[in-house]
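[1] sequence and predicted structure are below.
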Amino acid sequence: MSSTLELNGVIRLHARDNVVVLTKAFGAGERPAGVGAALERLVPSGHKIATTDIAEGRPIIKFGQIIGYASRAVAAGEHIHTHNCLMGAHDQSYHVGEDYRPVDYVPEAERLTFQGYRRADGGAATRNYIALCATVNCSATVVRHIADHFNRTGALDDYPNIDGVIALAHGTGCGMAASGEGYDTLQRVLWGHATHANVGAAIFIGLGCEVMQIGRMRSMFGSKGEERFHGLTIQETGGTRKTIEAGIAAIKALLPAVNAVRREPIPVNELVIGLQCGGSDGFSGVTANPALGAATDMLVRHGGTALLSETPEIYGAEQLLVRRAASQEVGDKLIERIRWWENYTAMNGGSMDNNPSPGNKAGGLTTILEKSLGAAAKGGTLALSDVLLYAERVKKPGFVFMDSPGYDPVSATGQIASGSQIIVFTTGRGSAFGSKPAPTIKLATNSAMYRQLEEDMDLNCGDIIDDGISIEEKGRQIVERIVAVASGEKSKSEALGLGDNEYVPWQLGAVM
């Protein structure tokens, strides 16, 4: 993306664009620079103005790409939004690998490090939790009661290297098919969290008669993570109260060993960073997302992995990612996921343009094409090395895509199951989001929201517009924040206690 940053309250993002983005509100009668006509009414900050007359049916261009089509004739100086811009076809000429370029790696001796925990199986952790994994909704109350005993009573005061006991409770695990896409997806989520690097020990707790059986899961995944695997069922243990007591006793026995780890220098090539955006606005694709993309490129050059997700929110930009694919196989996997989503939304009576949300639109976004072009910027510019199913473990380093819905808790849950030790989350409206066992770092897209919600935001990217900070410099600041949080510094969402309710596995298939 090329851009001409702020010129008297206006940004032109690409030479091909027939719109500009306003960086401040303009009132009726005012004439923004480069627009050529006075505005008829107030247009809010983050929204778009036509720079030329656009005939009905003609494409509206932003980021140098089609974001929609004029539903009626639009005059120069007119506000472009949902009242005159509709979803339509986008570029799906998938030239796989056309823009591929190999990664120019930083020499190993010069690579960044963080202070992390080294696991016995070789994994690298940024946090040290004990996880209580409910296999079914029926055991959700039990795992929460056990976690509360340790987190709210001071029972962990003598174990300073343990970040807490987390209850991973969800609303499924039964009333589902015992095989197929939905079952496999939930199983990957459960096992991915139980064996996550940030989890020092895990206890699975089930009811006993559910579809998602603990024993079957153990047999499916073999010995991986076995040294951290423990299990209880309510029916075999003697009921709710006895299972809570047994869970508390089991964790007490685990505490000394889990607490024994110490932080040590670990190269950042062992980090997997989940890339998220939520509550997007008209500045998301201008400030925070491209800055996170610059940080992604830096981390990948240091040998790390960045995981982009939210497949509905790359729709309209997927062709740009396919062109960066490292192989035909990788490109084809992403195209297959796009076709799956087109069919999935149609089958359920929706469309890909059901996203953006009302808040996105209030912030200046109009169609999913526009939102996706901004969202995809989080993935930087380097090669797409792999495409994963939801919650599938990362197998290759570099820039990787994981299929998921655009709903942030579901997407981040999958990214953590895939191995992400940190989530970096951009927001323009101000999302109250956190995650466990991987902490979330939140980036504000604009300074007004940052000032309003400073206790929730870790870094302001609005100064890219306000103060002329470069995308590259902001990317370096993001990497510094990632290294600090990976080394144990609490993110804002951690300090606020967020993350207990954002564990939401993707529920696929019939509920029976």
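    Arrived safely. Predicted model, so just to flag it, every value in this text is computed and none were measured. Residues are numbered from 1 along each chain as shown.

[2] for the rest of this, base every contact and every neighbour count on C-alpha atoms.
    Fine.

[3] break the protein into its domains for me.
    Split into domains by automatic domain parsing, the chain comes to 1-86, 129-260, 271-495.

[4] and the strands in the stretch 151-300 of the chain?
    In the stretch 151-300 of the chain, the strands defined using DSSP state E, counting those that start in this stretch lie at 164-168, 199-206, 229-233, 263-267, 272-277.

[5] which one of these lies closest to residue 17?
    Ranking those by proximity to residue 17 (CA to CA) places strand 272-277 first, at 24.0 Å.

[6] distance check, residue 284 against residue 277.
    Counting by CA to CA, to the nearest Å, the gap from residue 284 to residue 277 is 8 Å.

[7] which one of these two has more residues nearby?
    Taking neighbours as other CA atoms under 10 Å, residue 284 and residue 277 compare with residue 284 leading, 35 against 28.

[8] wait, what's in contact with the more buried one?
    374, 375, 426, 427, 428, 445 (CA atoms under 8 Å, 6 or more residues apart in numbering).

[9] which of the residues in the helix or strand that residue 141 is a member of are buried?
    Under the assignment given by DSSP states H and E, the secondary-structure element containing residue 141 is helix 140-151. When neighbours are counted by 16 or more other CA atoms under 10 Å, the buried residues of helix 140-151 are found to be 140, 142, 143, 144, 145, 146, 147, 148, 150.

[10] from what I see, residue 422 and residue 440 are in contact.
    Yes - using CA atoms under 8 Å as the test, residue 422 is close enough to residue 440 to be in contact (6.1 Å).

[11] distance check, the residue positioned nearest the centre of the chain against residue 406.
    The residue at the geometric middle of the chain, judged as the C-alpha nearest the mean C-alpha position with CA atoms, centre = their mean, is residue 276 (2.4 Å). For residue 276, the distance to residue 406 under the criterion CA to CA works out to 9 Å.

[12] overlap of the contact sets of those two?
    In contact with both residue 276 and residue 406: 309, 310, using CA under 8 Å, 6+ apart.

[13] with adjacent residues omitted, what lies nearest to residue 16?
    residue 64 (5.1 Å; CA to CA, 6 or more residues apart in numbering).

[14] what sits against that neighbour?
    For residue 64, the residues meeting the contact criterion (CA under 8 Å, 6+ apart) are 1, 13, 14, 15, 16, 17.

[15] still on that earlier bit, ok, the buried residues of helix 140-151 vs residue 258, which is closest?
    Checking the buried residues of helix 140-151 against residue 258 by CA to CA gives residue 150 as the nearest, at 14.1 Å.

[16] the closest one touches residue 163, doesn't it?
    No - at 10.9 Å, residue 150 and residue 163 do not qualify as touching, with contact defined as CA under 8 Å.

[17] coming back round to it: what's next to the helix holding residue 141, contact-wise?
    Counting by CA under 8 Å, 6+ apart, 132-134, 155-156, 164-170, 205, 240, 243-245, 247-248 sit against helix 140-151.

[18] again with stretch 346-361
    Stretch 346-361 is contacted from outside by 82, 87, 279-282, 312-313, 315, 341-342, 345, 365-368, 371, 429, using CA under 8 Å, 6+ apart.

[19] next step: the residues you listed restricted to helices.
    Judged by DSSP state H, helices contain the following of the contacts of stretch 346-361: 341, 342, 345, 368, 371.

[20] what's the burial count for the third one?
    Translated: residue 345. 15.

[21] between the buried residues of helix 140-151, which is nearest residue 300?
    Within the buried residues of helix 140-151, distances to residue 300 taken as CA to CA reach their minimum at residue 147, with 36.0 Å.

[22] need the nearest residue in space to the closest one, chain neighbours excluded.
    Distance criterion CA to CA, 6+ apart; nearest residue to residue 147, sequence neighbours excluded, is residue 165 at 5.3 Å.

[23] how many residues are close by the one you found?
    Using other CA under 10 Å as the criterion, residue 165 is surrounded by 25 other residues.

[24] one step back: confidence score at the residue nearest to residue 16?
    pLDDT recorded at residue 64 is 92.
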